[in-house]
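A.B. asks: Predicted model follows, preceded by the sequence.
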Amino acid sequence: MEKYNDEALNSLLSEITPAEQAKTDAKMLIAVKIADAMQAKGWNKTRLMKEMGKTNPSEITRWLSGTQNFTVETLVDLEQVLEIKLLDLGESKNAEKIINKYKVDIRLKYARNEQMTGCFVSDSGNAATYYKQTIYS
């Protein structure tokens, strides 16, 4: 596979500070945790919207985009509805520590007739792979 190299893109990426990257990483991780919990419950976006008492489907889409700046109230509501933990406030020093590692690789304009393993193709023809590893310590 040929690597894409664009000076303008590289310049923009070099301007991202470690603090900005940490914020982006946290938002993406929250989105992945929400999506994982929805999948585990067999829920779609409409079901989550109803369970959260929301009326605008685009709000759920924003949550799952990995760009949403959540309020604490929304995160607590999501924890209760999805029965997951999104906030770690150091509530229990003896609690089991769980480390989740995620790798998401998205490729655009996938040819549907090519062989695929471990990924999915959306209706728009985009292909994405997803990897999750959970480590208990």
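C.D. replies: Right, received. Where do you want to start? Numbering: from 1, shown residues only.
A.B. asks: Could you give the number of residues near Gln68?
C.D. replies: Number of residues near Gln68 (other C-beta atoms under 10 Å) recorded here: 17. Yep, even glycine has a C-beta here, placed from its N, CA and C like the rest.
A.B. asks: cool, and Met28?
C.D. replies: Neighbour number of Met28 under other C-beta under 10 Å is 15.
A.B. asks: Okay, and it sits in which element?
C.D. replies: helix 18-41 (DSSP states H and E).
A.B. asks: helices and strands around the following helix or strand past that helix, which ones?
C.D. replies: Of the helices and strands lying after helix 18-41 in sequence (DSSP H and E), the nearest is helix 45-51. Applying 3 or more C-beta pairs under 8 Å, 6 or more residues apart in numbering; DSSP states H and E, one finds that helix 45-51 contacts helix 18-41, helix 57-65, helix 72-82.
A.B. asks: what do you get if the cut-off is 6 Å, keeping everything else the same?
C.D. replies: helix 57-65 (3 or more C-beta pairs under 6 Å, 6 or more residues apart in numbering; DSSP states H and E).
A.B. asks: As CSV, could you dump the C-alpha coordinates of the helix it packs on?
C.D. replies: The C-alpha coordinates for helix 57-65 follow below in CSV (Å, rounded to 0.1, in the frame of the first residue of the first chain):
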residue,chain,number,x,y,z
PRO,A,57,-31.3,11.8,16.6
SER,A,58,-28.4,14.0,15.5
GLU,A,59,-27.4,14.4,19.2
ILE,A,60,-26.7,10.7,19.4
THR,A,61,-24.8,10.8,16.2
ARG,A,62,-22.6,13.6,17.6
TRP,A,63,-21.9,11.5,20.7
LEU,A,64,-20.8,8.6,18.6
SER,A,65,-18.6,10.8,16.3
